[in-house]
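Novice: any chance you can model this:
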Amino acid sequence: MSAKRVKPKAGRPVKVPGEKSTKEKILDAAVDLFAERGYDGVSIRDIGRAVGITEGAVYKHYPSKEAILESIFAYVEGRIYPKAPEASIDALVDSLSVREILENIPKFMMADPHLTRVTRIMLIEMYHNEKIRNYVRRELFERPVDETEVLFKKLIEKGKIKPCDPRALSTLFISYLVYWYFEIFIFSYGEPMDSGRIEKMTQAQIRLFVDLVKPEGSHHE
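Specialist: Residues are numbered from 1 along each chain as shown. Prediction:
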């Protein structure tokens, strides 16, 4: 007796494990298109076409193009400022050397190709979009200095770096990161990433910085 064939049910196709959702695909396509053409040069229809869905289908996931841009910013904020327990700063300072702490700050960015394209979007659009300009100033300049100042205050309190103005020290370190950020993600945009050169450049700067902040008589990094 032959087995009875079961007719597959109509409807949405089964999602392949590990496959991105439609909402994620829309965000990916928007990042690529905004980076290539600029925010104003891309329509919801363009984004839908890039994903292979209709304009109406895009609106089911995002109510507007601005909502997509807001989601891109939220993604960047989550990558740069991941949520962590308040006690984690103390644990970090107690368990790692100053050098190890500083080395970990830029590493996450190199592993995320999205950040290259999103940076391009922000720097293109900030000249004629006040909202984006304010976001760049707040999230890439002011907030990093504020949060690194807290870290340096803690390092000073625990005697891991010599007493100094933590705000000035934070501004100095973030100035280097801004240079690093532009060098890697802006001036070298579209070029293969030379991880060896980046690592060498980063290590040289961090060694110099650690030597500058090392407490008198200390032999530890």
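Novice: contact partners of the longest helix anywhere in the chain?
Specialist: Identified as the longest helix of the chain according to DSSP state H is helix 195-213. Under the criterion Cβ atoms under 8 Å, 6 or more residues apart in numbering, residues 98-99, 102-103, 106, 110, 155, 161-162, 164, 169, 172-173, 176, 180, 183-184, 221 lie in contact with helix 195-213. In short, each C-beta sits where N, CA and C put it, glycine included.
Novice: thought G78 was touching E139, still the case?
Specialist: No - proximity of E139 to G78 does not meet the contact threshold set by Cβ atoms under 8 Å, at 11.3 Å.
Novice: the more surrounded of these two?
Specialist: E139 (16 against 10; other Cβ atoms under 10 Å).
Novice: let's see the pLDDT reported for the closest residue to the more buried one other than its chain neighbours.
Specialist: The shortest distance from E139 to any non-neighbouring residue, by Cβ to Cβ, 6 or more residues apart in numbering, is to E77 (6.3 Å). For E77, the model assigns a pLDDT of 77.
Novice: what about F173, how many residues nearby?
Specialist: 23.
Novice: how far off helix 195-213 does the helix or strand harbouring it point, in degrees?
Specialist: Using DSSP states H and E, F173 falls within helix 166-182. If you take axes from the mean of the first three to the mean of the last three Cα atoms, to 10 degrees, helix 166-182 sits at 170 degrees to helix 195-213.
Novice: report the buried residues of helix 166-182.
Specialist: Along helix 166-182, the positions that meet the burial threshold by neighbour count (16 or more other Cβ atoms under 10 Å) are P166, L169, S170, L172, F173, I174, Y176, L177, W180, Y181.
Novice: before we move on, back to that, mind checking which of the contacts of helix 195-213 are buried?
Specialist: Of the contacts of helix 195-213, these count as buried by 16+ other Cβ under 10 Å: 98-99, 102-103, 106, 110, 155, 161, 169, 172-173, 176, 180, 184.
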